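Student: below is the structure, and that's it, no one-letter string:
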């Protein structure tokens, strides 16, 4: 699992970044903008600090670690100066607003630059289910379930938030991206298919419940073994 430090993100953007990273199978940790990245604790850093005056300092402090810098469109001069001062090859930037496909692509490129020998991402095990992002497959107890790519991503996001509610807005942003023009029932239809295909029912150890005027919450049913 890729370990990502998210420095200086605030409010809605912080939650958005965490949701996208979880859906990609990465472990994201929010840190204050002034934090230092020591040793090999993280594989990559996302620098979301709003103050561009600190960018060169923070980029230098990252050393050879891959860094993705988030900037606004009106920060082009500060961005050019910061990127020009960065002498490590694993540096890139992304202009807000965030879009999941672009963020995912930039992270993959940075990791390839910094770790060309890195093996494929390992499957993630959550509550007895195995999520294989490379193959786009979910399995449990030797059984492999047939899902579309979007259904896979909906399931992974729900399991990554096991016991916590996930809003329809987060599902839409993470799975379809901010700019997606979706029919009203698309999210609900995909959640229903995930429930059916994975057998997310109390007798199987799970409850996938609607949260009124918000979204959905996946819970483990008490008294049923799911490991």
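Tutor: Structure's in. What do you need? All figures in this text were calculated on a predicted structure; none of them were measured in a lab. Numbers count the residues shown, from 1 in each chain.

Student: ok, longest helix in this protein?
Tutor: helix 100-114 (DSSP state H).

Student: just checking, what packs against it?
Tutor: Counting contacts by 3 or more Cβ pairs under 8 Å, 6 or more residues apart in numbering; DSSP states H and E, helix 100-114 packs against helix 11-23, strand 44-47, strand 67-71, strand 91-95. Yep, even glycine has a C-beta here, placed from its N, CA and C like the rest.

Student: which strand or helix spans residue 144?
Tutor: Element membership for residue 144 (DSSP states H and E) is strand 143-145.

Student: list the helices and strands that strand packs on?
Tutor: strand 137-140.

Student: so for residue 75, what's the nearest residue that isn't a sequence neighbour?
Tutor: Sequence neighbours aside, residue 52 is the residue nearest to residue 75 in space, at 5.3 Å (criterion: Cβ to Cβ, 6 or more residues apart in numbering).

Student: count of neighbours near that neighbour?
Tutor: 16 (other Cβ atoms under 10 Å).

Student: which residues sit in contact with it?
Tutor: 71, 75, 78, 79, 82 (Cβ atoms under 8 Å, 6 or more residues apart in numbering).

Student: likewise residue 81?
Tutor: Counting by Cβ under 8 Å, 6+ apart, residue 81 has contacts residue 56.

Student: what is the mean pLDDT for the strand holding residue 144?
Tutor: The average pLDDT within strand 143-145 is 93.

Student: try stretch 122-136
Tutor: 87.

Student: now do stretch 24-34
Tutor: 80.

Student: list the buried ones in it?
Tutor: Residues of stretch 24-34 classed as buried: 24, 25, 26, 28, 30, 31 (neighbour count, 16 or more other Cβ atoms under 10 Å).

Student: same check on stretch 32-51?
Tutor: 37, 42, 43, 44, 45, 46, 47, 48, 49.

Student: flag the least confident of the residues you listed.
Tutor: Among the buried residues of stretch 32-51, residue 37 has the weakest pLDDT, 62.

Student: residue 162 in helix, strand or coil?
Tutor: With DSSP: H, G, I helix; E, B strand; the rest coil as the basis, residue 162 sits in coil.

Student: right, I'll call it a day here.
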